[in-house]
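**Q** model the structure of this input:
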Amino acid sequence: MSLSKITPCLWFNGQAEEAANLYTSIFKASKITKTQRYTEAGKETHGREPGSVLVVAFELNGQPFVALNGGPQFKFNEAISFQIDCANQEEVDYYWEQLGKDADDTKQQCGWLGDKFGVVWQVVPTVLKDMLGDSDVEKVKRVTVAMMAMKKLDIAELQKAYDG
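**A** Predicted coordinates for the structure are as follows:
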């Protein structure tokens, strides 16, 4: 019996290849696995030039994705985001900087940011999950208040709040 996978499909307006190249350059152990191009077939519906990129299949740290050049009908928003678990502040800083590069002012509180394509990411230190899962309600409250005041998450400041 084979396991089925769930593959997120990201809808772009002509930037699928650029986005896939950017993401695979940022995330280690990532690669583009396939590029498919529009053909003459269906041009009256899709309106794309034959030979232009239709979809780019890629993997980020083993997670499959598809980037589709579907057109301007749909835009990304915060209702869907991709969470990046970071082992330390160095990783938080790296992903925050790389994904936020060339983006409009889309840095939001609690480690959320939109990239230059509008795709939304959560850059989260794994230690935060442990802190928020603590049975000590006061510790959780302090960490939550500290987190809500941050855009990019700062592990040292979260730890100070946790420790009281």
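**Q** all contacts plus neighbour counts: C-alpha atoms, from now on.
**A** Fine.
**Q** which other helices and strands does the lowest-mean-pLDDT helix or strand in the chain contact?
**A** Every helix and strand in the chain was compared by mean pLDDT, DSSP states H and E; the lowest is helix 43-46, with a mean of 79. Helices and strands touching helix 43-46, by 3 or more CA pairs under 8 Å, 6 or more residues apart in numbering; DSSP states H and E: there are none.
**Q** now that helix, how far from the centre of its chain.
**A** 30 Å (CA atoms, centre = their mean, to the nearest Å).
**Q** same question for stretch 44-63.
**A** Worked out by CA atoms, centre = their mean, stretch 44-63 lies 18 Å from the chain centre.
**Q** quick one: contacts of that stretch?
**A** Applying CA atoms under 8 Å, 6 or more residues apart in numbering, the external contacts of stretch 44-63 come out as 7, 14, 16-17, 20, 23-24, 27-40, 43, 64-70.
**Q** which among those count as buried?
**A** Taking 16 or more other CA atoms under 10 Å as the criterion, what is buried in the contacts of stretch 44-63 is 14, 16-17, 20, 23-24, 30-32, 38, 64-70.
**Q** now, those residues that are in helices?
**A** Among the buried ones among the contacts of stretch 44-63, DSSP state H puts Ala16, Glu17, Ala20, Tyr23, Thr24 in helices.
**Q** got a markdown table for these, with pLDDT and distance to Val127 too?
**A** Shown next, in a markdown table, are these (pLDDT from 0 to 100; distance: CA to CA, whole Å):
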| residue | pLDDT | distance to Val127 |
| --- | --- | --- |
| Ala16 | 98 | 33 |
| Glu17 | 98 | 34 |
| Ala20 | 98 | 29 |
| Tyr23 | 98 | 24 |
| Thr24 | 98 | 25 |
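**Q** would a markdown table of the residues you listed with distance to Ala149 be doable?
**A** Formatted as a markdown table, those follow (distance: CA to CA, whole Å):
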| residue | distance to Ala149 |
| --- | --- |
| Ala16 | 34 |
| Glu17 | 36 |
| Ala20 | 32 |
| Tyr23 | 28 |
| Thr24 | 31 |
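**Q** closest to Val143 out of the residues you listed?
**A** Tyr23 (30.5 Å; CA to CA).
**Q** identify the residues contacting the closest one.
**A** With contact taken as CA under 8 Å, 6+ apart, Tyr23 is in contact with Leu60.
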